[in-house]
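Asks: sharing a model prediction with you, sequence too.
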Amino acid sequence: MDRCQGHSYGSRHTGPQHHVLTLESFMSRLGPGELDVLAICQSTVPALAAAARLAASGASELRTLVLMGGPIDARNHPTALDRAARWLSREWFAQRCTGRVPIGYPGAGRRVYPGFLQFSAQAGDPSGQVGPFLEAMCHVSRGDTGGIVASVAKAADYSVPLDLPAEFMESTIDVVFRRFLLPRGNWRVDGALVRPNCLRKTRLLTVEGADDAITGAQQTHAAHSLCTQIPSSNRESITHFSMRPLRPIQGQLLVRTGLSYAATAVSGLAPDRRSRLAILSREQP
């Protein structure tokens, strides 16, 4: 019997707990035994938790889990963002990073983390913002219509951030960046402890960007120290020294890299034999 004392943090309907339960439901419906899951950045935490809950319930485990550039254990080599999230008070975030939806819009009066505030956070990766526009100009000069469309699509990643429920942002900061509940073994979701060591058959791959200024070194690779029952033959970690920080602008490259590796070196499946794939989009507090 597990005697660990855990903490239940965040509303079931607005916090990371809801994110975990939603992913778990999708995984169950898709058939986890035939499912390869790729999670990028902050979606890595709920993805690992959902996979662990499936394993703990006795259901089929995910076939492959690829975690890229995410804060599984934000205590490792904390970045400036990690330190700010940990030491700035909850009141500070509430006063400066949240607001209410104006009258006349859906959800009027609801407290949210406005999408426009995310632009200031994206200033930490200026080359990622400017790069797509420079690419588009080059494609225009060459008359490359396909290249123009691709570059504009990249730029759109930086121009349409959504509002998030304020409760989601606040509880995510507490769970992931302050209390470190997952790596400490103290996170309860729907009343049950999240136990990554219940995973035994899932093939696990973690990928980090060597120069990632958002997610510190060894924060994603920390998943291996939590998934202790997965045999070493089914686990692999990659630190990619040729990639810039793992940001959405490199999404297509990351997907190709992760899927190719997961399909060959990790899962042993040829790319044309992969039956299903769930790509979990990055969600930022």
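Replies: Yep, that arrived. Numbers count the residues shown, from 1 in each chain.
Asks: can you count the residues close to residue 145?
Replies: 10 (other C-beta atoms under 10 Å). C-beta coordinates here come from the backbone N, C-alpha and C atoms, glycine included.
Asks: contacting residues around it?
Replies: With contacts defined as C-beta atoms under 8 Å, 6 or more residues apart in numbering, the neighbours of residue 145 are residue 139.
Asks: what's the pLDDT at it?
Replies: Looking at residue 145, its pLDDT is 79.
Asks: okay, now the unreliable bits of the stretch 1-150 of the chain?
Replies: Under the criterion pLDDT under 70, the flagged ranges of the stretch 1-150 of the chain are 1-14, 119-133.
Asks: go again using 90 as the cut-off
Replies: Filtered on pLDDT under 90, the stretch 1-150 of the chain yields the residue ranges 1-16, 42, 80-81, 84-85, 88-90, 93-97, 106-107, 114-150.
Asks: could you pull out the helices for it?
Replies: In order along the chain, the stretch 1-150 of the chain carries the following helices (DSSP state H, counting those that start in this stretch): 16-30, 44-56, 80-87, 90-97, 118-122, 126-142, 145-157.
Asks: domain ranges for the protein?
Replies: The record's domain parsing of the chain by the TED database lists 16-76+180-280, 80-170.
Asks: pick the most buried one from these.
Replies: The highest mean neighbour count among those belongs to domain 16-76+180-280 (a mean of 20), with neighbours defined as mean count of other C-beta atoms under 10 Å.
Asks: that one: how far from the chain's middle?
Replies: Computed by C-alpha atoms, centre = their mean, to the nearest Å, the separation of domain 16-76+180-280 from the middle of its chain amounts to 9 Å.
Asks: correct me, but residue 185 touches residue 225?
Replies: No: with the criterion set as C-beta atoms under 8 Å, residue 185 and residue 225 do not qualify as a contacting pair; they are 11.2 Å apart.
Asks: any chance of a markdown table for the helices of the stretch 1-150 of the chain, columns distance to residue 74?
Replies: Listed next are those as a markdown table, based on distance: least, C-beta to C-beta, whole Å:
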| stretch | distance to residue 74 |
| --- | --- |
| helix 16-30 | 13 |
| helix 44-56 | 9 |
| helix 80-87 | 5 |
| helix 90-97 | 16 |
| helix 118-122 | 16 |
| helix 126-142 | 22 |
| helix 145-157 | 24 |
